[in-house]
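A.B. asks: pasting the structure only:
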Ligand SMILES: Nc1nc2c(c(=O)[nH]1)N[C@H]1C(S)=C(S)[C@@H](COP(=O)(O)OP(=O)(O)OC[C@H]3O[C@@H](n4cnc5c(N)ncnc54)[C@H](O)[C@@H]3O)O[C@H]1N2
Ligand code: MOO
(Lines give C-alpha, C1' and ligand atoms only; values in the text may rest on other atoms or scores of the structure.)
(Ligands and ions follow the chains in the order given, each with its own letter.)
Protein backbone atom coordinates (compact mmCIF):
# COMPACT_ATOMS: atom_id res chain seq x y z
CA UNK A 1 0.00 0.00 0.00
CA UNK A 2 1.40 3.36 -1.06
CA UNK A 3 1.15 6.25 1.40
CA UNK A 4 -1.44 8.83 0.29
CA UNK A 5 1.06 11.66 -0.23
CA UNK A 6 3.28 9.42 -2.37
CA UNK A 7 0.37 8.30 -4.50
CA UNK A 8 -0.68 11.91 -5.01
CA UNK A 9 2.86 12.93 -5.97
CA UNK A 10 3.12 10.09 -8.53
CA UNK A 11 -0.22 11.07 -10.07
CA UNK A 12 0.63 14.76 -10.27
CA UNK A 13 4.03 13.96 -11.83
CA UNK A 14 2.26 11.92 -14.51
CA UNK A 15 -0.07 14.69 -15.72
CA UNK A 16 0.52 17.96 -17.57
CA UNK A 17 -1.74 20.81 -18.64
CA UNK A 18 -3.42 20.39 -22.03
CA UNK A 19 -2.97 22.95 -24.81
CA UNK A 20 -4.62 26.32 -25.39
CA UNK A 21 -7.94 27.08 -27.03
CA UNK A 22 -9.44 30.52 -27.68
CA UNK A 23 -12.94 31.19 -26.40
CA UNK A 24 -15.21 34.20 -26.57
CA UNK A 25 -15.17 36.34 -23.47
CA UNK A 26 -18.88 35.66 -22.86
CA UNK A 27 -18.16 31.91 -22.57
CA UNK A 28 -14.96 32.16 -20.54
CA UNK A 29 -16.39 32.10 -17.01
CA UNK A 30 -14.73 29.44 -14.84
CA UNK A 31 -12.03 28.77 -17.43
CA UNK A 32 -8.30 28.95 -16.67
CA UNK A 33 -6.16 31.50 -18.49
CA UNK A 34 -3.30 29.86 -20.40
CA UNK A 35 -1.16 32.96 -21.03
CA UNK A 36 -0.20 35.91 -18.85
CA UNK A 37 -1.92 39.02 -20.23
CA UNK A 38 -0.28 42.46 -19.96
CA UNK A 39 -1.96 45.81 -20.10
CA UNK A 40 -1.87 47.28 -23.65
CA UNK A 41 -2.24 50.83 -22.26
CA UNK A 42 -2.25 52.94 -19.13
CA UNK A 43 -5.32 52.77 -16.84
CA UNK A 44 -6.73 55.38 -16.54
CA UNK A 45 -5.60 56.42 -20.02
CA UNK A 46 -5.73 60.12 -18.97
CA UNK A 47 -5.93 61.78 -15.53
CA UNK A 48 -9.60 61.69 -14.49
CA UNK A 49 -11.77 63.05 -11.70
CA UNK A 50 -13.15 60.70 -9.06
CA UNK A 51 -15.85 63.17 -7.93
CA UNK A 52 -18.43 65.55 -9.33
CA UNK A 53 -16.95 69.00 -8.76
CA UNK A 54 -14.40 71.45 -10.13
CA UNK A 55 -10.91 70.95 -11.43
CA UNK A 56 -8.49 73.62 -10.19
CA UNK A 57 -4.84 74.55 -10.05
CA UNK A 58 -3.79 73.80 -6.49
CA UNK A 59 -1.52 76.88 -6.53
CA UNK A 60 -4.65 79.07 -6.99
CA UNK A 61 -6.67 77.69 -4.07
CA UNK A 62 -3.66 77.56 -1.75
CA UNK A 63 -3.71 81.36 -1.56
CA UNK A 64 -6.65 81.50 0.86
CA UNK A 65 -10.26 80.40 1.18
CA UNK A 66 -12.85 81.35 -0.01
CA UNK A 67 -11.40 81.79 -3.47
CA UNK A 68 -13.35 82.78 -6.59
CA UNK A 69 -12.37 81.28 -9.96
CA UNK A 70 -13.57 81.73 -13.58
CA UNK A 71 -15.31 78.63 -14.99
CA UNK A 72 -13.49 77.98 -18.29
CA UNK A 73 -15.55 75.04 -19.58
CA UNK A 74 -17.73 72.04 -18.64
CA UNK A 75 -16.29 68.61 -19.42
CA UNK A 76 -18.80 65.75 -19.17
CA UNK A 77 -17.40 62.23 -18.77
CA UNK A 78 -16.52 60.87 -22.20
CA UNK A 79 -15.51 64.19 -23.77
CA UNK A 80 -11.97 65.52 -24.27
CA UNK A 81 -11.10 68.92 -22.72
CA UNK A 82 -11.11 71.76 -25.27
CA UNK A 83 -8.59 74.07 -23.58
CA UNK A 84 -5.81 74.13 -21.01
CA UNK A 85 -6.65 75.48 -17.58
CA UNK A 86 -5.12 78.93 -17.03
CA UNK A 87 -4.28 80.52 -13.65
CA UNK A 88 -7.44 81.83 -11.95
CA UNK A 89 -9.67 79.34 -13.77
CA UNK A 90 -11.69 76.28 -12.70
CA UNK A 91 -13.28 73.63 -14.91
CA UNK A 92 -16.65 71.94 -14.24
CA UNK A 93 -16.06 68.16 -14.00
CA UNK A 94 -18.02 65.00 -13.23
CA UNK A 95 -16.95 61.59 -11.94
CA UNK A 96 -14.88 60.07 -14.75
CA UNK A 97 -14.26 63.40 -16.60
CA UNK A 98 -10.80 63.91 -18.06
CA UNK A 99 -8.84 66.71 -16.38
CA UNK A 100 -7.51 69.39 -18.74
CA UNK A 101 -3.80 70.13 -18.80
CA UNK A 102 -3.10 72.57 -15.98
CA UNK A 103 -5.70 71.15 -13.53
CA UNK A 104 -4.07 69.08 -10.81
CA UNK A 105 -6.72 68.93 -8.06
CA UNK A 106 -10.49 68.40 -7.83
CA UNK A 107 -12.76 70.12 -5.30
CA UNK A 108 -15.97 68.23 -4.50
CA UNK A 109 -19.14 70.00 -5.58
CA UNK A 110 -20.28 70.11 -1.90
CA UNK A 111 -17.38 72.48 -1.06
CA UNK A 112 -18.15 74.94 -3.84
CA UNK A 113 -20.76 77.60 -4.56
CA UNK A 114 -21.64 78.46 -8.14
CA UNK A 115 -21.87 82.25 -8.11
CA UNK A 116 -22.86 82.58 -11.77
CA UNK A 117 -22.56 80.86 -15.12
CA UNK A 118 -18.99 82.18 -15.27
CA UNK A 119 -17.83 82.01 -11.64
CA UNK A 120 -17.44 79.46 -8.86
CA UNK A 121 -16.42 79.98 -5.22
CA UNK A 122 -14.17 77.39 -3.58
CA UNK A 123 -15.18 77.07 0.09
CA UNK A 124 -12.61 74.59 1.41
CA UNK A 125 -8.92 74.16 0.72
CA UNK A 126 -8.33 70.76 -0.89
CA UNK A 127 -5.24 68.56 -0.58
CA UNK A 128 -2.95 68.79 -3.57
CA UNK A 129 -3.99 66.15 -6.15
CA UNK A 130 -7.17 65.30 -4.25
CA UNK A 131 -9.83 63.31 -6.16
CA UNK A 132 -7.59 62.93 -9.20
CA UNK A 133 -6.87 59.50 -10.63
CA UNK A 134 -3.51 60.09 -12.34
CA UNK A 135 -2.83 58.50 -15.72
CA UNK A 136 -1.51 54.93 -15.26
CA UNK A 137 -2.24 54.92 -11.52
CA UNK A 138 -4.30 51.69 -11.75
CA UNK A 139 -2.06 49.95 -14.28
CA UNK A 140 0.68 51.00 -16.64
CA UNK A 141 1.17 49.83 -20.20
CA UNK A 142 3.00 46.49 -20.09
CA UNK A 143 2.04 45.62 -16.50
CA UNK A 144 1.08 41.92 -16.17
CA UNK A 145 -2.60 42.06 -15.18
CA UNK A 146 -3.78 38.44 -15.32
CA UNK A 147 -1.40 35.55 -14.73
CA UNK A 148 -1.35 32.23 -16.56
CA UNK A 149 -3.32 29.80 -14.38
CA UNK A 150 -5.77 32.46 -13.17
CA UNK A 151 -9.38 31.27 -12.97
CA UNK A 152 -11.71 33.67 -14.76
CA UNK A 153 -14.64 34.90 -12.71
CA UNK A 154 -16.54 38.20 -12.60
CA UNK A 155 -13.62 40.46 -11.70
CA UNK A 156 -11.26 38.88 -14.22
CA UNK A 157 -13.86 38.96 -17.01
CA UNK A 158 -14.46 42.66 -16.32
CA UNK A 159 -10.71 43.34 -16.56
CA UNK A 160 -10.50 41.35 -19.82
CA UNK A 161 -13.34 43.44 -21.23
CA UNK A 162 -11.51 46.63 -20.18
CA UNK A 163 -8.48 45.26 -22.06
CA UNK A 164 -10.75 44.72 -25.14
CA UNK A 165 -9.93 40.99 -25.09
CA UNK A 166 -12.97 39.71 -27.04
CA UNK A 167 -11.46 36.21 -27.23
CA UNK A 168 -9.23 34.79 -24.51
CA UNK A 169 -6.62 32.01 -24.43
CA UNK A 170 -7.64 29.32 -21.94
CA UNK A 171 -6.47 25.80 -21.20
CA UNK A 172 -8.44 23.06 -22.89
CA UNK A 173 -10.69 21.25 -20.37
CA UNK A 174 -9.93 17.56 -19.88
CA UNK A 175 -12.56 15.19 -21.24
CA UNK A 176 -13.14 12.52 -18.61
CA UNK A 177 -14.80 9.23 -19.57
CA UNK A 178 -16.75 7.60 -16.73
CA UNK A 179 -17.83 3.98 -16.69
CA UNK A 180 -19.41 1.85 -13.99
CA UNK A 181 -18.54 -1.82 -13.83
CA UNK A 182 -20.64 -4.52 -12.23
CA UNK A 183 -23.34 -7.07 -13.16
CA UNK A 184 -25.42 -5.91 -10.18
CA UNK A 185 -25.83 -2.37 -11.54
CA UNK A 186 -28.94 -1.10 -13.26
CA UNK A 187 -29.58 2.29 -14.86
CA UNK A 188 -31.72 4.81 -13.02
CA UNK A 189 -34.74 4.11 -15.26
CA UNK A 190 -34.92 0.47 -14.14
CA UNK A 191 -36.41 -0.90 -10.91
CA UNK A 192 -33.64 -2.98 -9.28
CA UNK A 193 -34.36 -6.68 -8.84
CA UNK A 194 -33.09 -8.70 -5.84
CA UNK A 195 -29.43 -7.85 -5.19
CA UNK A 196 -29.36 -5.21 -7.89
CA UNK A 197 -28.59 -1.55 -7.22
CA UNK A 198 -28.85 1.63 -9.21
CA UNK A 199 -25.60 2.94 -10.68
CA UNK A 200 -25.21 6.04 -8.50
CA UNK A 201 -21.45 6.47 -8.96
CA UNK A 202 -21.90 7.62 -12.57
CA UNK A 203 -23.89 10.68 -11.42
CA UNK A 204 -21.77 11.56 -8.41
CA UNK A 205 -18.51 11.27 -10.32
CA UNK A 206 -19.79 13.25 -13.33
CA UNK A 207 -20.66 16.15 -11.02
CA UNK A 208 -17.25 16.04 -9.35
CA UNK A 209 -15.56 16.04 -12.78
CA UNK A 210 -17.38 19.26 -13.61
CA UNK A 211 -16.45 20.83 -10.28
CA UNK A 212 -12.81 19.98 -11.05
CA UNK A 213 -13.07 21.81 -14.40
CA UNK A 214 -13.43 18.71 -16.60
CA UNK A 215 -16.04 17.62 -19.14
CA UNK A 216 -17.67 14.31 -18.15
CA UNK A 217 -18.34 11.75 -20.87
CA UNK A 218 -20.73 9.22 -19.32
CA UNK A 219 -20.25 5.77 -20.83
CA UNK A 220 -22.78 3.97 -18.64
CA UNK A 221 -22.73 0.52 -17.10
CA UNK A 222 -20.37 -2.22 -18.25
CA UNK A 223 -21.06 -5.81 -17.15
CA UNK A 224 -18.39 -7.96 -15.45
CA UNK A 225 -17.53 -9.53 -18.78
CA UNK A 226 -13.85 -9.25 -19.69
CA UNK A 227 -14.35 -8.86 -23.45
CA UNK A 228 -17.07 -6.20 -23.15
CA UNK A 229 -15.16 -4.38 -20.42
CA UNK A 230 -11.97 -4.44 -22.47
CA UNK A 231 -13.72 -2.95 -25.50
CA UNK A 232 -15.34 -0.20 -23.44
CA UNK A 233 -12.05 0.65 -21.71
CA UNK A 234 -10.36 0.90 -25.10
CA UNK A 235 -13.13 3.08 -26.49
CA UNK A 236 -12.91 5.31 -23.38
CA UNK A 237 -9.14 5.72 -23.77
CA UNK A 238 -9.67 6.79 -27.37
CA UNK A 239 -12.42 9.28 -26.58
CA UNK A 240 -11.10 11.04 -23.49
CA UNK A 241 -8.01 12.56 -21.85
CA UNK A 242 -8.64 10.71 -18.58
CA UNK A 243 -10.70 7.58 -17.88
CA UNK A 244 -12.42 6.71 -14.62
CA UNK A 245 -14.09 3.43 -13.87
CA UNK A 246 -15.60 2.42 -10.57
CA UNK A 247 -15.74 -1.10 -9.23
CA UNK A 248 -13.89 -4.27 -10.13
CA UNK A 249 -10.54 -3.37 -8.57
CA UNK A 250 -10.64 -5.55 -5.46
CA UNK A 251 -9.68 -9.21 -5.19
CA UNK A 252 -13.01 -10.82 -6.16
CA UNK A 253 -13.36 -13.34 -9.01
CA UNK A 254 -15.07 -10.70 -11.18
CA UNK A 255 -12.55 -7.91 -10.53
CA UNK A 256 -11.00 -7.68 -14.01
CA UNK A 257 -9.87 -4.07 -14.27
CA UNK A 258 -6.22 -4.54 -13.30
CA UNK A 259 -5.66 -7.47 -15.66
CA UNK A 260 -7.34 -5.66 -18.55
CA UNK A 261 -5.26 -2.52 -17.98
CA UNK A 262 -2.13 -4.63 -18.41
CA UNK A 263 -3.56 -6.41 -21.46
CA UNK A 264 -4.27 -3.04 -23.06
CA UNK A 265 -0.66 -1.91 -22.56
CA UNK A 266 -1.17 0.35 -19.56
CA UNK A 267 1.66 0.82 -17.07
CA UNK A 268 0.05 0.39 -13.64
CA UNK A 269 1.92 2.55 -11.15
CA UNK A 270 -0.56 2.46 -8.26
CA UNK A 271 -2.27 -0.76 -7.14
CA UNK A 272 -3.41 0.10 -3.65
CA UNK A 273 -3.12 3.10 -1.37
CA UNK A 274 -3.03 3.31 2.43
CA UNK A 275 -6.28 5.28 2.55
CA UNK A 276 -9.62 4.47 4.14
CA UNK A 277 -11.94 4.48 2.35
CA UNK A 278 -10.42 3.75 -1.01
CA UNK A 279 -7.60 1.21 -0.56
CA UNK A 280 -7.92 -0.66 -3.88
CA UNK A 281 -7.33 2.47 -6.02
CA UNK A 282 -5.59 1.47 -9.26
CA UNK A 283 -3.92 3.95 -11.63
CA UNK A 284 -2.32 3.22 -15.00
CA UNK A 285 -0.58 5.34 -17.56
CA UNK A 286 -1.10 4.93 -21.30
CA UNK A 287 1.36 6.52 -23.70
CA UNK A 288 -0.32 8.58 -26.37
CA UNK A 289 1.27 9.30 -29.76
CA UNK A 290 -0.91 12.36 -30.34
CA UNK A 291 -0.45 14.26 -27.07
CA UNK A 292 0.14 13.92 -23.34
CA UNK A 293 -0.07 10.44 -21.81
CA UNK A 294 -3.51 9.40 -20.58
CA UNK A 295 -4.27 8.19 -17.09
CA UNK A 296 -6.79 5.50 -16.23
CA UNK A 297 -8.17 5.60 -12.67
CA UNK A 298 -9.80 2.40 -11.45
CA UNK A 299 -11.73 3.66 -8.42
CA UNK A 300 -13.18 1.31 -5.82
CA UNK A 301 -16.85 0.57 -6.36
CA UNK A 302 -18.07 1.37 -2.86
CA UNK A 303 -19.94 4.65 -3.39
CA UNK A 304 -18.19 6.64 -0.65
CA UNK A 305 -14.79 5.18 -1.56
CA UNK A 306 -15.28 6.27 -5.17
CA UNK A 307 -16.11 9.85 -4.19
CA UNK A 308 -13.40 10.14 -1.53
CA UNK A 309 -10.67 8.84 -3.86
CA UNK A 310 -11.91 11.26 -6.50
CA UNK A 311 -11.65 14.22 -4.14
CA UNK A 312 -8.26 13.21 -2.84
CA UNK A 313 -6.53 12.18 -6.11
CA UNK A 314 -8.59 13.02 -9.19
CA UNK A 315 -9.58 16.53 -8.22
CA UNK A 316 -5.93 17.69 -7.97
CA UNK A 317 -4.99 15.78 -11.13
CA UNK A 318 -7.82 17.30 -13.19
CA UNK A 319 -7.06 20.76 -11.81
CA UNK A 320 -3.44 20.40 -12.92
CA UNK A 321 -4.43 19.05 -16.36
CA UNK A 322 -6.83 21.99 -16.72
CA UNK A 323 -4.00 24.46 -16.05
CA UNK A 324 -4.88 25.62 -12.50
CA UNK A 325 -2.10 26.60 -10.15
CA UNK A 326 -1.51 24.70 -6.89
CA UNK A 327 -2.60 24.25 -4.17
CA UNK A 328 -5.35 22.12 -5.66
CA UNK A 329 -6.98 21.29 -2.31
CA UNK A 330 -7.59 23.35 0.81
CA UNK A 331 -6.76 21.95 4.25
CA UNK A 332 -8.19 23.74 7.27
CA UNK A 333 -7.23 23.33 10.89
CA UNK A 334 -10.41 22.76 12.92
CA UNK A 335 -11.54 21.63 16.35
CA UNK A 336 -13.35 18.31 16.31
CA UNK A 337 -16.72 18.43 18.08
CA UNK A 338 -16.70 14.65 18.68
CA UNK A 339 -14.18 11.86 19.26
CA UNK A 340 -12.73 10.59 15.96
CA UNK A 341 -11.51 7.00 15.62
CA UNK A 342 -9.26 5.18 13.13
CA UNK A 343 -7.35 1.88 13.02
CA UNK A 344 -4.01 3.67 12.57
CA UNK A 345 -3.02 1.44 9.65
CA UNK A 346 -4.28 3.61 6.79
CA UNK A 347 -4.81 7.36 6.50
CA UNK A 348 -8.48 7.75 7.42
CA UNK A 349 -10.83 10.28 5.85
CA UNK A 350 -13.93 10.91 7.98
CA UNK A 351 -16.70 12.95 6.39
CA UNK A 352 -18.65 15.62 8.16
CA UNK A 353 -19.52 19.29 8.32
CA UNK A 354 -16.96 22.01 8.60
CA UNK A 355 -18.20 25.20 10.25
CA UNK A 356 -15.99 28.18 9.47
CA UNK A 357 -16.10 30.44 12.51
CA UNK A 358 -14.17 33.69 12.73
CA UNK A 359 -11.86 32.45 15.48
CA UNK A 360 -11.57 28.68 14.95
CA UNK A 361 -13.19 26.29 12.46
CA UNK A 362 -15.19 23.39 13.90
CA UNK A 363 -15.68 19.89 12.51
CA UNK A 364 -18.88 17.91 13.15
CA UNK A 365 -18.36 14.32 11.93
CA UNK A 366 -21.19 12.32 10.33
CA UNK A 367 -22.80 9.84 12.74
CA UNK A 368 -21.13 6.82 11.12
CA UNK A 369 -18.42 6.18 8.55
CA UNK A 370 -19.20 3.20 6.34
CA UNK A 371 -17.73 3.28 2.84
CA UNK A 372 -20.83 1.59 1.39
CA UNK A 373 -23.29 4.02 2.97
CA UNK A 374 -23.77 6.93 0.68
CA UNK A 375 -26.70 8.37 2.59
CA UNK A 376 -24.94 10.32 5.34
CA UNK A 377 -22.48 11.90 2.89
CA UNK A 378 -25.08 14.45 1.83
CA UNK A 379 -24.43 17.94 3.13
CA UNK A 380 -20.84 17.10 4.11
CA UNK A 381 -18.28 19.70 3.14
CA UNK A 382 -15.17 18.36 4.83
CA UNK A 383 -13.06 15.25 5.30
CA UNK A 384 -11.14 15.01 8.58
CA UNK A 385 -7.73 13.44 7.98
CA UNK A 386 -6.35 10.99 10.57
CA UNK A 387 -2.78 10.10 9.59
CA UNK A 388 -1.32 6.59 9.79
CA UNK A 389 -0.50 5.84 13.43
CA UNK A 390 -3.33 8.01 14.81
CA UNK A 391 -6.10 5.94 16.35
CA UNK A 392 -8.04 8.67 18.11
CA UNK A 393 -8.60 12.40 18.13
CA UNK A 394 -10.58 13.36 21.26
CA UNK A 395 -13.43 15.87 21.06
CA UNK A 396 -12.11 19.40 21.49
CA UNK A 397 -8.75 18.59 19.88
CA UNK A 398 -7.38 20.00 16.64
CA UNK A 399 -7.82 18.05 13.40
CA UNK A 400 -6.82 18.79 9.81
CA UNK A 401 -9.86 18.90 7.53
CA UNK A 402 -9.85 18.74 3.75
CA UNK A 403 -12.42 21.25 2.59
CA UNK A 404 -14.46 19.68 -0.17
CA UNK A 405 -14.29 21.65 -3.40
N1 LIG B 1 -11.59 -9.92 0.35
C2 LIG B 1 -11.54 -8.60 0.19
N3 LIG B 1 -12.66 -7.97 -0.13
C4 LIG B 1 -12.65 -6.64 -0.28
C5 LIG B 1 -11.45 -5.92 -0.10
C6 LIG B 1 -10.29 -6.63 0.21
O7 LIG B 1 -9.20 -6.07 0.38
N8 LIG B 1 -10.38 -7.98 0.33
N9 LIG B 1 -11.49 -4.57 -0.19
C10 LIG B 1 -12.74 -3.93 0.13
C11 LIG B 1 -12.68 -2.54 -0.15
S12 LIG B 1 -11.76 -1.61 0.90
C13 LIG B 1 -13.40 -1.96 -1.16
S14 LIG B 1 -13.40 -0.26 -1.32
C15 LIG B 1 -14.19 -2.73 -2.10
C16 LIG B 1 -13.90 -2.31 -3.53
O17 LIG B 1 -14.22 -3.30 -4.37
P18 LIG B 1 -14.39 -3.10 -5.94
O19 LIG B 1 -13.75 -1.86 -6.41
O20 LIG B 1 -13.99 -4.35 -6.58
O21 LIG B 1 -15.93 -2.81 -6.10
P22 LIG B 1 -17.11 -3.80 -6.35
O23 LIG B 1 -16.87 -5.07 -5.63
O24 LIG B 1 -17.39 -3.83 -7.78
O25 LIG B 1 -18.24 -3.00 -5.59
C26 LIG B 1 -18.17 -2.70 -4.24
C27 LIG B 1 -19.53 -2.21 -3.76
O28 LIG B 1 -19.87 -1.01 -4.42
C29 LIG B 1 -21.08 -1.13 -5.13
N30 LIG B 1 -20.96 -0.41 -6.39
C31 LIG B 1 -20.10 -0.71 -7.36
N32 LIG B 1 -20.28 0.12 -8.40
C33 LIG B 1 -21.28 0.94 -8.08
C34 LIG B 1 -21.93 2.01 -8.75
N35 LIG B 1 -21.56 2.37 -9.99
N36 LIG B 1 -22.92 2.66 -8.14
C37 LIG B 1 -23.29 2.28 -6.88
N38 LIG B 1 -22.70 1.28 -6.19
C39 LIG B 1 -21.71 0.62 -6.77
C40 LIG B 1 -21.21 -2.60 -5.36
O41 LIG B 1 -22.50 -2.98 -5.59
C42 LIG B 1 -20.63 -3.17 -4.10
O43 LIG B 1 -21.59 -3.15 -3.08
O44 LIG B 1 -13.94 -4.11 -1.95
C45 LIG B 1 -13.93 -4.57 -0.58
N46 LIG B 1 -13.81 -5.98 -0.58
O1 MOO C 1 -11.25 1.15 1.31
MO2 MOO C 1 -12.72 0.51 1.08
O3 MOO C 1 -12.79 1.87 0.22
O4 MOO C 1 -12.67 0.78 2.82
O5 MOO C 1 -14.29 0.60 1.46
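C.D. replies: Happy to help now that I have it. If you're wondering where the values come from, they're calculated on a predicted model, not measured in any experiment. Ligands and ions are numbered 1, 2, ... in the order given.
A.B. asks: compute the number of surrounding residues for residue 173.
C.D. replies: 22 (other C-beta atoms under 10 Å). Glycine gets a C-beta too; all of them are placed from N, C-alpha and C.
A.B. asks: same deal with the one 3 residues further on?
C.D. replies: When neighbours are counted by other C-beta under 10 Å, residue 176 registers 27.
A.B. asks: which non-adjacent residue is nearest the residue in the stretch 1-150 of the chain that ligand 1 sits nearest to?
C.D. replies: In the stretch 1-150 of the chain, the residue that lies nearest ligand 1 is residue 1 (10.3 Å; C-beta to the nearest ligand atom). Nearest residue to residue 1, sequence neighbours excluded (C-beta to C-beta, 6 or more residues apart in numbering): residue 274, at 4.1 Å.
A.B. asks: could you check the pLDDT of the one you found?
C.D. replies: Residue 274 carries a pLDDT value of 98.
A.B. asks: contacts only, for it.
C.D. replies: 1, 2, 3, 4, 345, 346, 347, 388 (C-beta atoms under 8 Å, 6 or more residues apart in numbering).
A.B. asks: repeat that with 10 Å
C.D. replies: Contacts here follow C-beta atoms under 10 Å, 6 or more residues apart in numbering; on that basis residue 274 touches 1-7, 345-348, 387-388.
A.B. asks: in strands, which of these fall?
C.D. replies: Under the assignment DSSP state E, the contacts of residue 274 contribute 347, 348 to strands.
A.B. asks: okay, buried residues for stretch 174-192 please.
C.D. replies: 174, 175, 176, 177, 178, 179, 180, 181, 182, 184, 185, 186 (16 or more other C-beta atoms under 10 Å).
A.B. asks: any idea how far stretch 163-175 is from the chain center?
C.D. replies: 15 Å (C-alpha atoms, centre = their mean, to the nearest Å).
A.B. asks: oh, I was asking about stretch 131-143
C.D. replies: 29 Å.
A.B. asks: now do the same end-to-end measure for that stretch.
C.D. replies: 24 Å (C-alpha to C-alpha, to the nearest Å).
A.B. asks: quick one on the thing from earlier: from residue 2, how far out is the residue nearest to residue 1?
C.D. replies: 7 Å (C-beta to C-beta, to the nearest Å).
A.B. asks: which residues do these two both contact?
C.D. replies: Common neighbours of residue 274 and residue 2 (C-beta under 10 Å, 6+ apart) do not exist.
A.B. asks: would you map out the domains in this protein?
C.D. replies: 4-19+172-321, 23-39+141-171, 48-133, 330-403 (automatic domain parsing).
A.B. asks: which ones are touching the closest residue to ligand 1 within the chain?
C.D. replies: Taking C-beta to the nearest ligand atom, ligand 1 has its nearest neighbour within the chain at residue 301, 2.6 Å off. Residue 301 makes contacts with 180-182, 184-185, 201, 245-250, 252, 255, 257, 280, 371-372, as judged by C-beta under 10 Å, 6+ apart.
A.B. asks: ditto for residue 151
C.D. replies: Residue 151 neighbours (C-beta under 10 Å, 6+ apart): 29, 30, 31, 32, 33, 170, 213, 319, 322, 323, 324, 325.
A.B. asks: just residue 328 next, same as before
C.D. replies: Counting by C-beta under 10 Å, 6+ apart, residue 328 has contacts 8, 12, 212, 315, 316, 317, 318, 319, 320, 405.
A.B. asks: residue ranges with poor pLDDT in the stretch 51-200 of the chain?
C.D. replies: Counting by pLDDT under 70, the stretch 51-200 of the chain contains no low-confidence segment.
A.B. asks: contact residues of the stretch 251-400 of the chain facing ligand 2?
C.D. replies: 276, 277, 278, 279, 300, 302, 305, 371 (C-beta under 6 Å from any ligand atom).
A.B. asks: ok, the third one - contacts?
C.D. replies: In this case it means residue 278. Per C-beta under 10 Å, 6+ apart, neighbours of residue 278: 4, 7, 272, 299-300, 302, 304-313, 346-347, 349, 371.
A.B. asks: distance of the closest residue to it other than its chain neighbours relative to residue 368?
C.D. replies: Nearest non-adjacent residue to residue 278, counting by C-beta to C-beta, 6+ apart: residue 309, 4.0 Å away. Residue 309 is 19 Å from residue 368, where distance means C-beta to C-beta.
A.B. asks: name the residues of the stretch 51-200 of the chain found near ligand 1, please.
C.D. replies: 180, 182, 184, 185, 197, 199, 200.
A.B. asks: which among those residues gets closest to residue 58?
C.D. replies: Distance to residue 58, by C-beta to C-beta, is smallest for residue 200 among those, at 70.3 Å.
A.B. asks: could you find the closest non-adjacent residue to the closest one?
C.D. replies: residue 303 (5.8 Å).
A.B. asks: and if you look at residue 7?
C.D. replies: That would be residue 273: by C-beta to C-beta, 6+ apart, it lies 4.6 Å from residue 7.
A.B. asks: returning to that earlier point: residue 309 and residue 368: which is more packed in?
C.D. replies: residue 309 (28 against 9).
A.B. asks: so that one is in which element?
C.D. replies: helix 303-309 (DSSP states H and E).
A.B. asks: heading C-terminal from that helix, find the next helix or strand.
C.D. replies: Following helix 303-309 toward the C-terminus (DSSP H and E): helix 315-321.
A.B. asks: circling back: verify the contact between the residue nearest to residue 7 and residue 8 for me.
C.D. replies: Yes: contact criterion C-beta atoms under 10 Å: residue 273 and residue 8 qualify, at 9.1 Å.
A.B. asks: now list whatever residues contact both of the two.
C.D. replies: With C-beta under 10 Å, 6+ apart as the test, residue 273 and residue 8 both reach 2, 312, 313.
A.B. asks: so what's the residue count around the last one?
C.D. replies: Translated: residue 313. Neighbour tally, residue 313, other C-beta under 10 Å: 25.
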